[in-house]
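Peer 1: please work out how this folds:
(one chain, ligands or ions: 2)
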Amino acid sequence: MTGMLRVSNMTAGYGALRVLHGVDLEVGAGEAVAVLGANGAGKSTLLRCLSGLLAFSGEAFFLEQPISGVAPHRIVRRGLIQVPEARHIFPDLTVLENLLVGGTAVPHRRDRMQVLEEVLALFPILAERRRQQAGTMSGGQQQMLAIGRALMGKPRLLILDEPSLGLAPMVVRELYQAVRRLIGTGLTVLLVEQDVTLALQVVARAYVLEGGRVALTGSATELRESTHVREHYLGC
Ligand SMILES: Nc1ncnc2c1ncn2[C@@H]1O[C@H](COP(=O)(O)OP(=O)(O)OP(=O)(O)O)[C@@H](O)[C@H]1O
Ligand SMILES: [Mg+2]
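Peer 2: Numbers count the residues shown, from 1 in each chain. Ligands and ions are numbered 1, 2, ... in the order given. Next comes the predicted model:
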């Protein structure tokens, strides 16, 4: 398995508050892996470190290159692209314009148009609404747009931070069908979720983060059957 992302002994926090305490994590090329954990476990903090927004100690390599000390835009340029928790779409721009913003780093117009076609095929609702002002769409549609915009940058590794957050169950189901299709294309995905049941339906394996430490890791099947996961996350 080629290493796409490799994190070892990552420690980070905010001022005197230490949030991550020596996290180890790996994602191979073509894998779909989840980071699961309750509110405040440190999931987004981990992602902030990976995107160059927060300093950390320990090591992190993306495609064998260190991440530490690298500017966020350079990390994106290398192909590590995140969809943050708070989607950050441009509400006044149309769906199409939002998508094209995500493609600005792809140098050739023909490549951009090709990726656009793929994104619109993955999310037909975005094709249907391409002329609509993005801010007038539902939360679920905006989440799809945020993912579509990230895809426009041709990620080598796509990271999703709690895509289901704040969405109605029906919308979540639709969104996750799209995430599953996306994973099916062979794209490497790191999915961060609080909803353990949902995430374990689409990824092959996962890490469970508790208090800034990896408490448990294993295949989706192993985790679904783990007593700890059942008691603490599945309520059964
Ligand atoms: N900018 C910040 N400044 C200070 N403390 C922060 C900051 N962001 C997060 N924290 C603290 O760090 C801890 C971990 O937060 P983090 O956002 O990483 O959790 P999370 O696992 O993503 O949770 P959630 O599922 O709610 O998004 C929490 O105690 C939080 O209060
Ligand atoms: Mg978070």
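
Peer 1: next, the buried residues of stretch 130-147.
Peer 2: Across stretch 130-147, burial judged by 16 or more other Cβ atoms under 10 Å covers Ala134, Met137, Gly140, Gln141, Gln142, Gln143, Met144, Leu145, Ala146, Ile147. Any C-beta I mention is one placed from the backbone N, CA and C, and that applies to glycine too.

Peer 1: what separation is there between the third one and Arg18?
Peer 2: What it means is Gly140. 35 Å (Cβ to Cβ, to the nearest Å).

Peer 1: the residue nearest the centre of the chain: what secondary structure?
Peer 2: Nearest residue to the geometric centre of the chain (Cα atoms, centre = their mean): Leu160, 1.7 Å. At Leu160 the chain is in strand, as set by DSSP: H, G, I helix; E, B strand; the rest coil.

Peer 1: does it really touch Leu187, like I thought?
Peer 2: No: when contacts are counted by Cβ atoms under 8 Å, Leu160 is not listed as touching Leu187 (11.0 Å).

Peer 1: for the chain, what spans make up the helices?
Peer 2: Using DSSP state H, the helices of the chain run over 43-50, 72-78, 95-102, 109-122, 124-128, 139-152, 169-184, 196-202, 220-225, 227-229.

Peer 1: what's the closest of those to ligand 1?
Peer 2: Closest approach to ligand 1 among the helices of the chain is made by helix 43-50 (3.2 Å; Cβ to the nearest ligand atom).

Peer 1: list the helices and strands the closest one packs on?
Peer 2: Applying 3 or more Cβ pairs under 8 Å, 6 or more residues apart in numbering; DSSP states H and E, we find helix 43-50 packed against strand 3-14, strand 17-28, strand 57-62, strand 80-83, strand 157-161, strand 188-193.

Peer 1: what lines up beside the fourth one in the sheet?
Peer 2: Yep, that's strand 80-83 we're talking about. Here strand 80-83 is paired, per DSSP bridges, with strand 157-161 (parallel).

Peer 1: so is the partner strand next to ligand 1?
Peer 2: No: Strand 157-161 lies out of reach of ligand 1 by Cβ under 6 Å from any ligand atom, never closer than 7.3 Å.
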